[in-house]
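Novice: with the sequence up front, the predicted model follows.
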Amino acid sequence: MAYSVKQRHRAPAVTSPVPVDPTLPRACVVGAGSSGIAAVKALAQAGVPFDCFEQGSVVGGNWVLDNPNGQSACYDTLEINTSCPRMAYSDFPMPADYPAYARHDQVAAYFEAYVDHFALRDRIAFDTTVTDVTPAPDDTWLVTVEGPAGRETRTYDAVLVANGHHWDPRWPEPAYPGTFAGEQIHAHDYRSAAQLEGRDIVVVGSGNSALDIAVEAGRVARSTVLSQRRGQWVLRKFTLGRPSDQVALPGWLPWWATALRLRLGALTSGNVARLGLPQPAHKPGQSHPVQSEGIRAALRSGAVTPKPGIERLDGDRVVFVDGSSAPADLVVWATGYRVTFPFLDASLVSADDNDLPLWKRTVHPDLPGLFFIGLLQPVGAVMPLAEAQGTWVAQMLAGRYAPPPVDEVRRQMAAEHERNRRQFYASPRHTMEVDFDHYLWDLERERRRGAARAARRRMPSAPGPGVAHDASEARS
C-alpha cells in the first residue's frame, strides 16, 4: 500500500532502553544527521551493539544553520519541500502547530526532540570525526576516529555510512573561460540575504536552492539574473490550498505512475518557460521535482531576469550563450554536489558522476558489512526512507532477516538501475533517484520475505546454516 500520512502515532518515550545483546554483530554509524539518527534508533531498539560518531556537536546535519560540523548547506530562509506529514518518521509525527512546510529551525528542533524522546543522545559520540574505514581480512571493518580522547581504531562487524550527500560542492567542470573580477561562491556557502544585498547577482542553476536564492536576491540585490542551461518543470507546493504531495498513489503501481503524478503537477503549475526560462527538453516527471512558490512572481515583476547558460566570464560582467551579458559582482554557483566518502579509499568505493549502484540503495554486494543510509534522492523526503533502511539493517544484524542469493541481489540491483534510467534523463542529479511510495512498499516486501527466509533457517529440521551464520550471511 502507499505510504499513508494518516497512520502516524507518536511512540511512547523510551525510559528503559533495550538491553544490548553482546552476541550480535557490532556496528558503527557514521554521522548523526537525519539518516544517522534513524539508524541509531533502529539499532538501539534491536539490541544491536553500536557506536555512532558525529563530527559536530549537535544532531540534524544539513538542517542545522551554521552546523558546527562545517558541512551544512542550510540558509536562513530554507524550508522543506515535502510537507511535514510526509517527511516525519513513522512513529514520531511533527508537532501539529508546524506549518505545512516547516522552516529549517523547526526541522532541527524536531530532530533534537526525536533523539531525546527515544533516549539516543548518550549513544552518540559528538565532536568525533571518522577518518578511515578499511575492510579487514576477517570480514570485519577497521574504523579510525579522532575525537576528544585522541585518535583510535576500533573493529566492527558492520559500518552504516550516513554522512550525507549535500556537503561536497560540485563546481562547473571544466571552469568557464575568462576571468572574473567579483566574488564567486557555491550555494553551499550561502546563508542569508546579507550576502546579496545591493549587489549585481548571477545565480547559476535550476534546482531548488538556485530558485530560493534567486528569489531572495530579487528582493534585496541591485540586479538579479538566473542563468540556466537546461529548463526544469517547476511545481507549486500547494494545490487548491493543500500541500501537493499529500495526494498519494498506491505504492504497488509501476514507476510510471509517479511520473504521471509529476506530469499532472507540472501541467497544473504552469510552464515557467513562458516567463523566459529555458523550455524543458524532457517531459514532466523525467527529472527530480523542483518546487517554488516565489519564482513566478519574481520573474513576472522583473526582480529576476532569466538568462540561458554562460559562455564566459568577462571582468565585471557575465556573457551568456545568446550573446547577451549582465553586470555581476557575485556569482552563486548552485550546481549541485559530489557524492564522496572521505573516510573510504576511492579504490574501494567511488561514485563517479555520483553513480554508486546499490541494492535497494543500501547494500553493496561486493563489500559485506558496509551499508549506506540515506544515500538516495527520493521523489519525496529522505527521512522515512532512511528510517526504513535502518530498520532493515538492524534486522539483518539481529539475525531476523536473511538475504536472497547474491545473484538475485545483483539481478534486482540491475533491474532497479534500468528502471531509473528509463524514467529520468541522464545526469549526476538522477543517479540515486527513487520513488518515495514505491521504495517503501518494495523494501517492506523484501523485509517480510527475508524474515521468512531467516525463520526457515532457524528451524531445527531445516538444512543449512545456523543462526550465527545467518547473521553473517545477512551482511553479505
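Specialist: All right, it came through fine.
Novice: name the nearest residue to residue 388, ignoring sequence neighbours.
Specialist: residue 443 (5.2 Å; CB to CB, 6 or more residues apart in numbering). The way it works is simple: take the backbone N, C-alpha and C, and place the C-beta from them, glycine included.
Novice: which of the three states applies to that neighbour?
Specialist: Using DSSP: H, G, I helix; E, B strand; the rest coil, the structure places residue 443 in helix.
Novice: can you pull the pLDDT of it?
Specialist: pLDDT for residue 443: 96.
Novice: before we move on, what about residue 462?
Specialist: pLDDT at residue 462 comes out at 40.
Novice: run through the stretch 151-300 of the chain and note the low-pLDDT ranges.
Specialist: 247-264, 267-268 (pLDDT under 70).
Novice: where do the helices sit along it?
Specialist: For the stretch 151-300 of the chain, the helices defined by DSSP state H, counting those that start in this stretch cover 208-220, 255-269, 295-301.
Novice: isn't residue 100 up against residue 244?
Specialist: No: using CB atoms under 8 Å, residue 100 is not in contact with residue 244; the gap is 9.8 Å.
Novice: so which of those two has more stuff around it?
Specialist: Taking other CB atoms under 10 Å, residue 100 and residue 244 do not tie; residue 244 has more neighbours (21 against 17).
Novice: show me the contacts for the more buried one.
Specialist: By CB atoms under 8 Å, 6 or more residues apart in numbering, residue 244 lies in contact with 235, 236, 237, 238, 265.
Novice: which of those are buried, as a ChimeraX select command?
Specialist: Restricted to buried positions by 16 or more other CB atoms under 10 Å, the ChimeraX selection for those reads:
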select :235,237,265
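Novice: including distance to residue 321, could the contacts of residue 244 go into CSV?
Specialist: Below are these laid out as CSV (distance: CB to CB, whole Å):
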residue, distance to residue 321
235, 27
236, 29
237, 31
238, 35
265, 30
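Novice: show me which of the contacts of residue 244 is closest to residue 124.
Specialist: residue 237 (32.9 Å; CB to CB).
Novice: now residue 83. Nearest residue, chain neighbours left out?
Specialist: Nearest residue to residue 83, sequence neighbours excluded (CB to CB, 6+ apart): residue 243, at 3.6 Å.
Novice: quick check, the one you found in contact with residue 81.
Specialist: No: look at residue 243 against residue 81 with CB under 8 Å: they stay out of range, at 10.3 Å.
Novice: between those two, which contacts overlap?
Specialist: Joint contacts of residue 243 and residue 81 (CB under 8 Å, 6+ apart) are 101, 237.
Novice: state whether residue 62 is indeed within a strand.
Specialist: No: looking at residue 62 with three-state DSSP, it is helix, so not inside a strand.
Novice: tell me how far it lies from residue 395.
Specialist: 27 Å (CB to CB, to the nearest Å).
Novice: again with residue 91
Specialist: Distance from residue 91 to residue 395, by CB to CB: 16 Å.
Novice: neighbour count winner among the two?
Specialist: residue 395 (20 against 15).
Novice: what sits closest to the more buried one if chain neighbours are left out?
Specialist: Closest to residue 395 by CB to CB, 6+ apart is residue 401, at 3.9 Å.
Novice: pLDDT value on residue 50, please?
Specialist: pLDDT at residue 50 comes out at 98.
Novice: list the contacts of residue 217.
Specialist: Contacts of residue 217 by CB under 8 Å, 6+ apart are 193, 196, 201, 203, 224, 304, 332.
Novice: next, the last one: secondary structure please.
Specialist: Think residue 332. Secondary structure of residue 332, per three-state DSSP, is strand.
Novice: let's number from 124 now, not from 1
Specialist: Right, with 124 as the first residue, what we last looked at is residue 455.
Novice: that one contacts residue 326, doesn't it?
Specialist: Yes: when contacts are counted by CB under 8 Å, residue 455 is listed as touching residue 326 (4.7 Å).
Novice: overlap in contacts of these two?
Specialist: 333, 336, 340.
Novice: what's the separation between the last one and residue 457?
Specialist: Translated: residue 340. Counting by CB to CB - residue 340 and residue 457 are separated by 11 Å.
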